[in-house]
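Q: Need coordinates for the following:
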Amino acid sequence: MPPSLFINGRFLGQRQTGVQRFAREAVRAMDDLLGQPAHQALAGRVTLLVPPGTDPAALAPVRLRAIQVRMAGRFGGGYAWEQLDLPRLSAGGVLLNLCNLGPVAKRRQVVVVHDATPRVSPESFSLPFRLAYRVLVPMLGRAAAAIVTISTFSRAEISRWYGIPADRITVCGEGGDHILAQAADMGVLERHGLHPGTPGAAPYFLAVGVGSANKNVALVVDAFGRAGLDGIRLVMTGKRDPRVHPAGDGPAARRVTGPLCPVGHVSDGELRALYENALALVYPSRYEGFGLPPVEAMACGCPVIISDQPALVEVAAPETTGAALVCGVDDADGLARLLRRLAEDELLRHRLAANGRARAARFRWSATAEALLDACLGVARGAET
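A: Next up is the predicted model:
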């Protein structure tokens with residue numbers, strides 16, 4: 001008989017960052033796989049466990065058909081629910097944790113650890129957040145039957161910072177195809193004077209992740225000012241969550257006032273519209289485990305500039321695919337030159353867009369879901385021997 005699989009649904013009560021995005025898309029893709037012949041034996045045996053008090057509206061975007069949902073537990077979410085309720089609720093089955101943490105008291109579980117950002121850039125996180133990861137991730141590395149991560153770079157980083165042997169860590173990757181599932185919402189362009197059909201609309205570069213220091217938005221603003229791009233704007237998405245990221249990018253993020261266009265949090269449809277109409281996504285991040293925004297942008301045909309951070313280079317593979325331009329993480333002058341080059345060279349933008357689409361097609365959530373299900377089934381088989 002196929003094993004019972006349980007999924008840690010704590011992420012449904014959390015504000016969406018890249019980690020929660022991964023969880024939502026992975027669960028949705030696993031649900032789709034359960035409807036296919038190769039995985040139908042698991043249908044009815046996979047349950048998403050959700051803390052009591054979770055807003056039912058948080059489940060609506062996930063749109064599950066084959067995966068059952070169960071709201072249960074004595075604790076209303078948080079670390080207590082994860083550490084004390086989950087082992088009991090998942091007893092007799094394999095537990096899949098998609099957002100870095102899981103219960104240290106359970107052996108038959110798979111934990112997806114995305115990266116080592118809280119160790120590498122501790123200044124970007126609150127003290128409770130840092131302490132939880134510093135203590136719990138190494139414990140899970142010893143307790144869990146399987147550890148999974150999102151890139152070969154992250155596998156090396158997790159081994160280095162958390163002491164988990166690299167040969168115990170498998171790579172599942174991420175997908176970018178979710179961004180194409182939503183129609184582009186052009187309203188965001190109209191509200192900010194960016195719509196191509198609006199008189200006086202300005203072309204723009206796009207930066208994402210305002211409020212997270214490792215996204216290096218300050219460098220983008222600095223380089224944009226140095227580039228001297230008359231008639232071109234810099235659009236910035238995102239906002240800071242003080243519970244996790246107590247410090248933003250500071251005064252540097254406010255140097256350019258006229259052409260700077262902060263739009264705050266945007267929906268997937270709005271983000272797609274911004275990608276599809278931008279001169280380029282500018283993403284010189286200091287640290288990533290994978291780097292989902294460049295993949296999203298490439299899927300939308302948006303040219304991309306990335307930093308030489310290893311995970312971004314691994315995903316975009318610019319030297320072999322020509323899918324992105326690359327700058328140093330502290331090289332404002334070099335980034336300014338790339339901005340001017342892209343603003344002036346339409347043929348280069350078209351070439352990057354075509355190469356980016358081809359590269360992004362390699363990253364699909366169905367492949368991520370397959371890898372996660374394989375990891376869970378491997379844990380189940382190991383328990384039977």
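
Q: for this protein, which spans come out with low pLDDT?
A: Along the chain, the model assigns pLDDT under 70 to residues 1, 240-258, 383-385.

Q: residue ranges of the helices in the stretch 101-250 of the chain, please?
A: Applying DSSP state H, counting those that start in this stretch to the stretch 101-250 of the chain gives helices spanning 117-120, 127-143, 152-162, 187-191, 217-227.

Q: what about the ones you listed, which gets the closest to Arg10?
A: Nearest of those to Arg10, taken as CB to CB: helix 127-143 at 12.7 Å. Glycine gets a C-beta too; all of them are placed from N, C-alpha and C.

Q: elements contacting that closest one?
A: The helices and strands touching helix 127-143, judged by 3 or more CB pairs under 8 Å, 6 or more residues apart in numbering; DSSP states H and E, are helix 117-120, helix 152-162.

Q: got those as JSON lines, with mean neighbour count and distance to Cys300 columns?
A: Converted to JSON lines, these look like this (neighbours: other CB atoms under 10 Å; distance: least, CB to CB, whole Å):
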{"stretch": "helix 117-120", "mean neighbour count": "18", "distance to Cys300": "25"}
{"stretch": "helix 152-162", "mean neighbour count": "20", "distance to Cys300": "24"}
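
Q: could I get the ones you listed as TSV with distance to Val111?
A: Converted to TSV, the helices and strands packed on helix 127-143 look like this (distance: least, CB to CB, whole Å):
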stretch	distance to Val111
helix 117-120	15
helix 152-162	10
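
Q: sorry, back to before: of all the helices of the stretch 101-250 of the chain, which one is nearest Ala371?
A: helix 152-162 (13.0 Å).

Q: and stretch 345-361, how far out from the chain's middle?
A: 22 Å (CA atoms, centre = their mean, to the nearest Å).

Q: Name the residues of that stretch that are buried.
A: Arg349, Leu352, Ala353, Asn355, Gly356, Arg359, Ala360 (16 or more other CB atoms under 10 Å).

Q: For Leu84, give me the backbone phi and psi.
A: Phi and psi for Leu84, reported as degrees, to the nearest 10, are phi -110, psi -40.

Q: Quick check: it vs Pro51, distance?
A: 11 Å (CB to CB, to the nearest Å).

Q: any shared contact partners between these two?
A: Common neighbours of Leu84 and Pro51 are listed as Phe75 (criterion: CB atoms under 8 Å, 6 or more residues apart in numbering).

Q: Map the structural domains onto the sequence of this protein.
A: Following automatic domain parsing, the chain resolves into domains at 5-175+364-384, 178-360.

Q: before we move on, back to that, just send the helices of the stretch 101-250 of the chain back as CSV, with distance to Val326 too.
A: Putting the helices of the stretch 101-250 of the chain into CSV (distance: least, CB to CB, whole Å) gives the following:
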stretch, distance to Val326
helix 117-120, 20
helix 127-143, 29
helix 152-162, 15
helix 187-191, 28
helix 217-227, 14
